[in-house]
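Enquirer: let me see the structure of the following:
(one chain, ligands or ions: 1)
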Amino acid sequence: MTAHNAHISGPPTDLAGAVLTVDLGAIQENWKRLAAKAGSAECGAAVKGNAYGLGVDHVAPALWAAGCRTFFVARPMEGGELRHLLPREAVIYVLDGLFPGQAEFYAREDLRPALITIEEAREWAAFGTEYGRNLPCAIHVDTGINRLGFSPSAFEALIANNEIMARLNLALLMSHLACADEPNHPLNARQKTAFAALRRRLPGVKASLANSSGIFLGSDYTHDLVRPGIALYGGNPVAPHSNPMLPVAHLEGTVLQVREIAAGESVGYGATWRATRQTRVAVLGAGYKDGVPRSLSSRATNGPAQAFIGGRRCPVIGRVSMDMMAVDVTAVPVDLCQRGTRAELIGRNIAIDETAEWAGTISYELLTRLGQRFTRLYSGGESIISKAPLS
Ligand SMILES: *Cc1c(COP(=O)(O)O)cnc(C)c1O
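Expert: Modelled structure (predicted):
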């Protein structure tokens, strides 16, 4: 791959109906901005869930080229895939911990489990002994989200257990914030204090607390390593303030037909939307099969969802169906909205967080549920390796 050439995967652009363009250059720029914001802390990247649905095979090498060296996945299987996309020096943590009986897989693929229970710690320690070397791992302590990790008392029990501790190669102490996207939530300060206390129990071990929003909570949260995900992919880590990140995912639907309907006519399944005046309607080839949430269907609350066509924002009308959706384009000059015209559903003009809010969800879910039917284009990014392994 040469720089700045769009790389096409999936059917040719004019045959798919919907196009997702992933701007790898924007991901790299976002990583650099987050790394700068994190100050002296190292900036890693959460690339779980196929890089939040955007294609880890393109995203991870782009992040590596930008300077990222530490990656986080959820499942060991994701770690195994990622290992073959990156040079051997890349550090890969598996956030879901050590799967039972799978230590050998982690060792073979050089994956570091983020251990979450004493059982996992015991299993990893025993495996290291058998393997002949204490293999690196993280200890994940739960400081208040009550999801994964050692409780503070289980953590105390672990560090008091010399037999296990002597056989663990502790590369990272980590915890995860529950409310980082709400800076004034009291749980942030509680978790900050609890984590600082844990750190003192393991002097010399690197520490990591912040996700995307956590990076913006201040230097008490960044420690040695930060783990942004959504902000790399263009989600706003400081909402409701303006988004400091560049948009990454650009989703467009193609106009299949433009029709005029009279006042009183309805549009789409269930006849849920009714025209109050003569209306020009564009039907786009993008539906819930493509990842456009059905909940973007027109509704009274929270205003209608919008698409961007011919330089204007236009309301979505009627129900989003499997393969298509309808938009009121009465305000768009006729020559700017024709069969074949592309309409932006997510991108520079319609922010991903806006679409997510209209759909009653969050940017994370919107991205990870994007479908496979559209053409995927990858643009920008330096030294992107598309298929061949790097090392
Ligand atoms: C997903 C995840 C992240 C990244 O979170 P964002 O909010 O997307 O930045 C960081 N740490 C852990 C433990 C995670 O599960």
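Enquirer: could you use CA atoms for every contact and neighbour count after this?
Expert: Fine.
Enquirer: domains of this structure?
Expert: 24-233, 249-373 (automatic domain parsing).
Enquirer: when you scan the first one, is anything in it near the ligand?
Expert: Yes - judged by Cα under 6 Å from any ligand atom, domain 24-233 and the ligand are in contact via 46, 176, 211-212, 227-230.
Enquirer: report the two of those residues separated the most.
Expert: Using Cα to Cα, those span at most 14.6 Å, a distance reached by H176 and I230.
Enquirer: for the residue nearest to P228 when sequence neighbours are not counted, phi and psi?
Expert: Closest residue to P228 apart from its sequence neighbours, by Cα to Cα, 6 or more residues apart in numbering: S212 at 4.1 Å. Dihedral angles of S212 (phi, psi; degrees, to the nearest 10) stand at phi -50, psi -60.
Enquirer: got a markdown table for the residues of domain 24-233 next to the ligand, with secondary structure, neighbour count and pLDDT too?
Expert: Formatted as a markdown table, the residues of domain 24-233 next to the ligand follow (DSSP: H, G, I helix; E, B strand; the rest coil; neighbours: other Cα atoms under 10 Å; pLDDT from 0 to 100):
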| residue | secondary structure | neighbour count | pLDDT |
| --- | --- | --- | --- |
| A46 | strand | 26 | 98 |
| H176 | coil | 24 | 98 |
| N211 | coil | 27 | 98 |
| S212 | helix | 23 | 98 |
| R227 | coil | 25 | 98 |
| P228 | coil | 26 | 98 |
| G229 | coil | 23 | 98 |
| I230 | coil | 22 | 98 |
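Enquirer: just checking, which helix or strand of this structure averages the lowest pLDDT?
Expert: Ranking every helix and strand in the chain by mean pLDDT, DSSP states H and E puts strand 7-9 at the bottom, with a mean of 60.
Enquirer: in stretch 309-322, what's buried?
Expert: By 16 or more other Cα atoms under 10 Å, the buried positions in stretch 309-322 come out as 309-310, 312-322.
Enquirer: could you dump the residues you listed to CSV with pLDDT and secondary structure?
Expert: Listed next are the buried residues of stretch 309-322 as CSV, based on pLDDT from 0 to 100; DSSP: H, G, I helix; E, B strand; the rest coil:
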residue, pLDDT, secondary structure
I309, 98, strand
G310, 96, coil
R312, 97, strand
R313, 97, strand
C314, 97, strand
P315, 95, strand
V316, 96, strand
I317, 95, strand
G318, 94, coil
R319, 95, coil
V320, 96, coil
S321, 96, coil
M322, 96, coil
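Enquirer: and those residues, which is closest to S266?
Expert: Distance to S266, by Cα to Cα, is smallest for G318 among these, at 7.9 Å.
Enquirer: mind listing what that closest one touches?
Expert: Shown in contact with G318 (Cα atoms under 8 Å, 6 or more residues apart in numbering): 266-269, 271-273, 297-298, 325-326.
Enquirer: the spatially most central residue of the chain and Q102, how far apart?
Expert: Nearest to the mean C-alpha position of the chain, counting by Cα atoms, centre = their mean, stands Y52 at 3.4 Å. In this view, Y52 and Q102 are 25 Å apart by Cα to Cα, to the nearest Å.
Enquirer: and if you look at H176?
Expert: In terms of Cα to Cα, H176 sits 24 Å off from Q102.
Enquirer: check whether Y106 really touches R112, as I assumed.
Expert: Yes - using Cα atoms under 8 Å as the test, Y106 is close enough to R112 to be in contact (6.7 Å).
Enquirer: of those two, which one has the most company?
Expert: Each of Y106 and R112 has its neighbours counted (other Cα atoms under 10 Å); R112 has more, 27 against 22.
Enquirer: my reading is that V22 lies in a strand. Confirm?
Expert: Yes - counting by DSSP: H, G, I helix; E, B strand; the rest coil, V22 is found in a strand.
Enquirer: now for it: which residues touch it?
Expert: If you count contacts by Cα under 8 Å, 6+ apart, then V22 has 54, 248-250, 376-379 around it.
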